[in-house]
Each structure stands twice: as C-alpha cells, then as structure tokens.
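Engineer: kindly generate the corresponding structure for this input.
(one chain, ligands or ions: 1)
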Amino acid sequence: MEPEDVRKDGHFPYPPLPHPEQAPGGQVFPDIQIKQFPRLQRFDVDFDLPDAFIPELPPVIFLQNRPKLGDVSRGEKLFFGKAKCSTCHPAPFYLDDKMHDLQVERFTKEPGDGPIKTFTLRGIKDSPPYLHDGRCLTLEDTVEFFNLILGLKLSEQEKKDLVAFMLAL
Ligand code: HEC
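Structural biologist: A predicted model of the protein is given here:
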C-alpha cells in the first residue's frame, strides 16, 4: 500500500497518544471502544502502564512535535537563561550542593524553613511530590512556585516549556 492509501483509508496502526489538550488519541484503546466509552480516552493510569502512555507525562518525542504543549528546546533555553533555574540547578547534575533560603515566608503566614539544600532535577518526573515537604504535587506546581519565589513573570507558554524540559531530564 502507498502512504496516501494508508492515510485515506485510516489504516495506520499507531494513532497519536491521548493527552488532555490533544483530543484525538487512542493508542491504548482502539477508536471503536473510545467511541462507545468516551471516558477511556482519559482512563485512570494508576499502574501497569509505561510512562509513555500517561497523558499527563507525555514522552519527550510527543512534546517535540506538539510545541503548543511545551517545547523541550525552548524550555532548555529558559532554564539556563531567563528563568535562572541553572544558577542553583547547574548541569550536569542539576544541583549545586549548596544551601539556599528561598524565603517562602515572604508569601505565607508560616515561619519559613530557612536554608535548604538544592535537589537534583535528574529524572525529576519520576519522584513527585516535590520540595522537601512535598508541597508541590506536580512539575507544573514547582514551576509556578519558582515563578512566584523568583518573581520571574513567566508566560503560560514559558511555564509549559520549562515543564517539558524537566520531563526530559
Ligand atoms: C535560589 C536557588 C534556586 C533557583 C534559582 C531555583 N531553584 Fe529549584 N530548588 C532550590 C532549592 C533550595 C530546592 C529545595 C527546596 C525545598 O525543598 O523546599 C529546589 C527544589 C526544586 C525542585 C524540587 C526537587 C525535588 O526533588 O523535590 C524543582 C522541580 C525545582 N527546584 C525546579 C526549579 C526550576 C524549574 C527553577 C527555575 C524556574 C528553579 N528550580 C530555580 C533552589 C533553587
């Protein structure tokens, strides 16, 4: 079969991965089943499934051809530039082994925890929740956290790009 024929008849066996912001999907369940049970498109992936199938943590390759969801290369530039993350999380280990007082108490009524050692960001997507007390449940939360703490004024797209980069570490 020629590629055009495969496309015309919809025979390509590897449809795109499901993602909350990319409605068409269905690598895990065939289309016919999703039509019958729409909830399957956002099914609960608590166990048994490899990372590549978790809609909330799309594989890097998936992000690379859907830059709207966050772009790894743009995220890398931000990380080492405007967002200043690399000042405390420098490559290759993405940590500086130093203590930093983020002064969270500027924003809360808590007393604050004083200086805390930086964590490595290698493989960070696999170890939620984040920060020493687990106050950030997702990588999106940590980006928002540092956006406030560091006064970065990142745009929504820039936040997505940083998350995409951290998924790749
Ligand atoms: C001033 C130094 C500093 C800068 C700049 C900084 N971080 Fe951090 N980062 C820390 C410290 C210290 C911690 C540990 C804080 C805690 O546990 O409360 C941390 C923790 C984290 C964690 C959680 C790690 C884990 O294992 O729980 C993530 C994710 C993270 N930083 C991402 C970023 C990103 C993204 C940026 C840039 C937007 C950034 N950091 C900028 C110092 C910094």
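Engineer: right, and Leu162 touches Lys82 too?
Structural biologist: No. Counting by C-beta atoms under 8 Å, Leu162 sits too far from Lys82 to count as a contact (9.9 Å). (Glycine included, C-beta is placed from N, CA and C.)
Engineer: what do those two both touch?
Structural biologist: Common neighbours of Leu162 and Lys82, counting by C-beta atoms under 8 Å, 6 or more residues apart in numbering, are Leu154.
Engineer: show me which of those two is the more surrounded one.
Structural biologist: Legend: neighbour count by other C-beta atoms under 10 Å for Leu162 and Lys82, higher for Leu162 (29 against 13).
Engineer: in whatever helix or strand the more buried one lives in, what's buried?
Structural biologist: Leu162 is part of helix 156-167, with elements assigned from DSSP states H and E. Buried residues in helix 156-167, counting neighbours by 16 or more other C-beta atoms under 10 Å, are found at Glu158, Lys159, Lys160, Asp161, Leu162, Val163, Ala164, Phe165, Met166, Leu167.
Engineer: where along this structure do the helices fall?
Structural biologist: Applying DSSP state H to the chain gives helices spanning 3-9, 31-36, 60-64, 72-80, 139-149, 156-167.
Engineer: by mean pLDDT, show me the worst of those.
Structural biologist: Among these, helix 60-64 has the lowest mean pLDDT, at a mean of 68.
Engineer: so how far is the ligand from Ala83?
Structural biologist: 4 Å (C-beta to the nearest ligand atom, to the nearest Å).
Engineer: surely that residue and Val163 touch.
Structural biologist: No. If you go by C-beta under 8 Å, Ala83 and Val163 don't touch, sitting 11.4 Å apart.
Engineer: that older thread, touching the ligand at all, the helix holding Leu162?
Structural biologist: Yes. Using C-beta under 6 Å from any ligand atom, helix 156-167 reaches the ligand at Leu162.
Engineer: output that helix as PDB, restricted to C-alpha atoms.
Structural biologist: Taking Å, rounded to 0.1, in the frame of the first residue of the first chain, the C-alpha atoms of helix 156-167 are listed here in PDB:
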ATOM      1  CA  GLU A 156       1.800  30.400  30.300                       C
ATOM      2  CA  GLN A 157       3.700  29.100  27.300                       C
ATOM      3  CA  GLU A 158       7.100  29.600  29.000                       C
ATOM      4  CA  LYS A 159       5.800  27.600  32.000                       C
ATOM      5  CA  LYS A 160       4.800  24.700  29.800                       C
ATOM      6  CA  ASP A 161       8.200  24.800  28.000                       C
ATOM      7  CA  LEU A 162      10.000  24.600  31.400                       C
ATOM      8  CA  VAL A 163       7.900  21.600  32.400                       C
ATOM      9  CA  ALA A 164       8.600  19.900  29.000                       C
ATOM     10  CA  PHE A 165      12.300  20.400  29.600                       C
ATOM     11  CA  MET A 166      12.200  18.900  33.100                       C
ATOM     12  CA  LEU A 167      10.300  15.900  31.800                       C
END
